[in-house]
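In: coords please:
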Amino acid sequence: MKKMLAALLATTVVAAPLHAQEITGFNIGILGGENAQDRLANQECYRSAIEASLGVPVKIFTPADYDGVIQGLLGGTLDMAWLGASGYAKIYLTDPDAVTPVLVKQNQDGTIGYYSIGVARKDSGITSIEDMKGKVMGFGDPNSTSGYLIPNVELTQAGIDMEAGKYFSDVRFTGGHEQTIVAVNNGDIDGGVTYADGQGAWEDGYNTGALRKAADAGLVDMNDLVQIWKSKEIPEGPMVVRNALPEDVRTRVTDLTANLWETDADCAYGVAGGEAKDFIPVTHEQYESIVEARRMTGS
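Out: This next block holds a predicted model:
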């Protein structure tokens with residue numbers, strides 16, 4: 001498959017850029033979870049590469065929350081995005097013909113999973129989810145897979161009542177993964193959930209994910225935090241493209257991204273949020289369990 005994508009890329013490189021009458025622009029949606037300036041900076045090389053391939057202006061949009069990206073894809077104002085699995089599930093349940101998942105981040109060991117990770121400050125004395133009873137728990141966004149859906153499902157299954165004031169003294173949505181990490185680090189909440197691939201060293205924030213981004217940005221010293229909970233493995237969220245786009249547009253963007261680690265590893269690092277192995281093909285079938293989880297929770 002990789003050789004086929006590489007061959008397709010080689011074809012698109014020598015081909016002339018798309019003409020304006022096919023598309024007049026291309027819009028990329030970036031999920032929340034870090035501040036807009038960092039999101040734009042990390043994706044600029046990617047935006048520029050896509051613009052050079054398509055031959056039309058390419059813009060990046062950084063809505064304040066996950067639903068802004070979801071609604072942009074459903075409404076046609078956004079053309080592609082890297083989504084969490086839960087965000088993709090919401091789009092599929094709303095309109096199964098709106099987008100297609102085409103690629104997924106592959107971890108260093110070849111897997112395509114990641115984890116919801118519970119964190120607290122080391123000096124808080126909290127070392128487990130049991131220690132969080134009667135304390136303030138933070139979640140990122142209602143449409144986040146690791147930041148809400150999976151913790152909600154798994155903690156409920158473990159017998160924890162997720163209503164504020166029941167098990168946790170309060171339950172707060174911070175607005176995104178970066179906000180959760182910073183809130184825990186600053187002591188604004190006692191614990192919170194974010195995500196990581198679970199590989200590599202804790203002090204680095206693992207290899208990829210929100211903890212790695214926060215550590216790389218100097219927002220936290222991982223030695224000040226401890227892991228207090230870890231979910232079951234979650235399927236990594238997909239890169240999706242809007243089905244209404246011309247086939248050639250979807251192919252060019254997919255091929256460029258599939259080969260990004262080979263053509264520009266520094267750029268790929270920013271897109272992946274850390275050290276990954278590759279971006280590889282993915283299909284809807286790999287997200288059916290997440291779709292069913294959202295269907296069952298009615299969200």
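In: Which phi and psi values does Q157 adopt?
Out: phi -60, psi -30 (degrees, to the nearest 10).
In: can you check the one 3 residues further on too?
Out: Main-chain torsions, I160, degrees, to the nearest 10: phi -90, psi 120.
In: State the distance from the closest residue to it other than its chain neighbours to G191.
Out: Spatial nearest neighbour of I160, chain neighbours left out: Y167 (4.7 Å); criterion: Cβ to Cβ, 6 or more residues apart in numbering. Backbone N, C-alpha and C define where each C-beta goes, glycine included. With distances taken as Cβ to Cβ, to the nearest Å, Y167 is found 12 Å from G191.
In: Wasn't Y114 part of a strand?
Out: Yes - assessed by DSSP: H, G, I helix; E, B strand; the rest coil, Y114 belongs to a strand.
In: Can you read off the pLDDT for it?
Out: For Y114, the model assigns a pLDDT of 93.
In: need the contact list for it.
Out: By Cβ atoms under 8 Å, 6 or more residues apart in numbering, the residues touching Y114 are 107, 146, 195-198, 208-209, 233-234, 236.
In: Low-confidence ranges, this protein, go.
Out: 1-21, 32-36, 299 (pLDDT under 70).
In: In it, mark out all the helices, start to finish.
Out: In the chain, helices defined by DSSP state H lie at 2-14, 36-54, 66-75, 85-94, 150-157, 177-186, 210-216, 247-258, 260-263, 265-272, 288-297, listed in chain order.
In: Make CSV out of the ones you listed and add mean neighbour count and distance to M132.
Out: Formatted as CSV, the helices of the chain follow (neighbours: other Cβ atoms under 10 Å; distance: least, Cβ to Cβ, whole Å):
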stretch, mean neighbour count, distance to M132
helix 2-14, 13, 43
helix 36-54, 17, 29
helix 66-75, 20, 24
helix 85-94, 22, 22
helix 150-157, 18, 10
helix 177-186, 24, 11
helix 210-216, 24, 18
helix 247-258, 20, 38
helix 260-263, 16, 38
helix 265-272, 18, 30
helix 288-297, 15, 21
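In: Of these, give the one that comes closest to V226.
Out: helix 177-186 (10.1 Å; Cβ to Cβ).
In: How about residues contacting that closest one?
Out: With Cβ under 8 Å, 6+ apart as the criterion, helix 177-186 contacts 33-35, 119-121, 138-140, 144, 146-147, 174, 189-195, 210-211, 213-214, 219-220, 224-225.
In: In PyMOL, how would I select the buried members of those?
Out: Of those, the buried ones go into a single PyMOL selection, burial set by 16 or more other Cβ atoms under 10 Å:
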select buried, resi 33+34+35+119+120+121+138+139+140+144+146+147+174+189+190+191+192+193+194+195+210+211+213+214+219+220+225
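In: returning to what we had before: quickly list what's touching both of Y167 and G191.
Out: Joint contacts of Y167 and G191 (Cβ under 8 Å, 6+ apart) are M132.
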